[in-house]
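Participant: Based on what follows, work out the 3D shape:
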Amino acid sequence: VQLVQSGPELRNPGASVKVSCKASGYTFTDYYIDWVRQAPGQGLEWMGRIDPEDGATKYADKFWGRVAFTVDTSTNTANVELSNLRSDDAAVYYCARTFHRFRRDRIVVATILDIWGQGTQVTVSS
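Facilitator: Predicted coordinates for the structure are as follows:
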């Protein structure tokens, strides 16, 4: 089971970037894909989630309007596209396989990000 991400990217401010994440070794539509990033010297920042089964998305408020998650189930690939890049978007971007743990009444008791991609460095510089 692994997630393999695309290579490093260098963009100018105001441009867009697309990072891909190819899954293998499991049924792609059985798990969510979360996107998380880490800027230099900062902690992990959750960007949102996509359900590969139906394409439903959930975005963190901070990125609303600038980010788009997509999936291609024919290639088991998830993508994140971030537009109107700023210098503070420079970070390592990660995809992660995600699932919920439920209690008997179907209430979510935990969200587990169990498999992570290797990370993709995005540099924003003029």
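Participant: okay, Arg101: pLDDT?
Facilitator: With respect to pLDDT, Arg101 has a value of 89.
Participant: Please tell me I have it right and it contacts Ile107.
Facilitator: No: Arg101 is beyond contact range of Ile107, at 10.0 Å (criterion: Cβ atoms under 8 Å). All C-beta spots, glycine's among them, are computed from the backbone N, C-alpha and C.
Participant: Would you check that Thr70 makes contact with Ala78?
Facilitator: Yes: counting by Cβ under 8 Å, Ala78 is a contact partner of Thr70 at 7.3 Å.
Participant: Can you name the residues in contact with stretch 39-57?
Facilitator: Outside stretch 39-57, the residues that touch it by Cβ atoms under 8 Å, 6 or more residues apart in numbering are 28-38, 58-60, 62-63, 67-71, 73, 78, 80, 88, 90-91, 93-94, 98.
Participant: now the residue nearest the centre of the chain: how far from Ser20?
Facilitator: Per Cα atoms, centre = their mean, the C-alpha nearest to the average position across the chain is that of Trp35, at 2.1 Å. According to Cβ to Cβ, to the nearest Å, Trp35 stands 11 Å off from Ser20.
Participant: in the sheet, who's paired with Val80?
Facilitator: Val19, Phe69 (DSSP bridges).
Participant: what's the spacing between the closest residue to Trp116 other than its chain neighbours and Ser83?
Facilitator: Counting by Cβ to Cβ, 6 or more residues apart in numbering, Trp116 lies nearest to Ala96, which is 4.8 Å off, once chain neighbours are set aside. Counting by Cβ to Cβ, the separation of Ala96 from Ser83 is 22 Å.
Participant: So which of these two has more stuff around it?
Facilitator: Ala96 (21 against 15; other Cβ atoms under 10 Å).
Participant: Much appreciated, bye for now.
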